[in-house]
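1. Below are the sequence and a predicted model for it; my questions follow.
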Amino acid sequence: MTEHAGRKQTLHLEEGEIILVNKPLDWTSFDIVHRVRAMFEVKKIGHAGTLDPRATGLLILCTGRMTKQIDSFMAWDKEYTGIIELGGVTKSFDTETEVIEQKEFSGVTEEQVKHAFGRFTGIQQQLPPMYSAIKKNGRRLYKDARKGKEIDRPTREIEVKEFVVTSFELPFIGFRVVCSKGTYVRSLANDVGAFLGCGGYLKQLTRTRIGEFRLEEALPVELLHTLEPKIQRPAVTI
């Protein structure tokens, strides 16, 4: 498994390894998978939990026999930090698409925001955004969303275990959230904005933790070359 970034690390990728990567802005999760596959010619590799292109942070890659653990990792709680911008609405609920509606936000107080966060804490039903990779009738929703189509889709049960305000400087609301598998933080941002009556969208998002794995342990993309994948050592056990 990758340790702290910056030192040489010897991994036996074909046998099975866990690699923690700090995904940069505007890369897709599959971009990271493809980069590692191409760099080290590893055949069996996947990631445990997609990060949107406009999000950064912790991405777990599994290779070889460790790919059998992907579903287990995906089931773990995730922690994120980020910023919600009040006063606007976007179709994607983040900065991937332009603001389509602007509303007055100057009267919003920190107490109102905390109340809104409390409203969206706990077990709840969440409607996934149209701009998502969820499939409906074999087709990714985002493909229809980019054509301006709205497709009926079922809600999902999620759990938001913690949702706290970390900074308040209108129109920007800093937050930290701990949530279950399948939670769309973009949707939380949109829902909070709607609840406050002023609109809101996700301005910035970083995944800081997945289960016991933390962002501080992750390797920046520019340091992937420090991996030494040809030297065999015992596979990681969990």
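-> Thanks, I have it. Model, not experiment: these values are computed from the prediction.
2. so what are the domain limits for this structure?
-> 9-75+212-228, 78-210 (automatic domain parsing).
3. for the first one, what is the average pLDDT?
-> On average, the pLDDT along domain 9-75+212-228 is 91.
4. Pull up the gap between Ala194 and Ile84, please.
-> According to Cβ to Cβ, to the nearest Å, Ala194 stands 12 Å off from Ile84. In this view, the C-beta of every residue, glycine as well, is placed from N, C-alpha and C.
5. Could you pull out the residues contacting both of those two?
-> Here Ala194 and Ile84 have Gly200 as joint contacts, going by Cβ atoms under 8 Å, 6 or more residues apart in numbering.
6. Can you tell me the centre-most residue of this protein?
-> With distances taken as Cα atoms, centre = their mean, the residue of the chain nearest its centroid is Leu51 (3.7 Å).
7. That residue contacts Lys23, correct?
-> Yes - in this structure, Leu51 is within contact of Lys23 by Cβ atoms under 8 Å, at 5.2 Å.
8. So Ala194 and Ile84 - more neighbours on which side?
-> Remark: of Ala194 and Ile84, Ile84 carries more neighbours, 28 against 13, as counted by other Cβ atoms under 10 Å.
9. and the more buried one, what does it touch?
-> Shown in contact with Ile84 (Cβ under 8 Å, 6+ apart): Phe172, Ile173, Phe175, Ala189, Val192, Gly193, Gly200, Tyr201, Leu202, Lys203.
10. Check Trp76 too.
-> Applying Cβ under 8 Å, 6+ apart, the residues near Trp76 are Lys181, Ile210, Gly211.
11. can you do 7 Å?
-> By Cβ atoms under 7 Å, 6 or more residues apart in numbering, the contact list for Trp76 reads Ile210, Gly211.
12. Help me confirm that it is found in a helix?
-> No - in this structure, Trp76 is coil, not part of a helix, as judged by DSSP: H, G, I helix; E, B strand; the rest coil.
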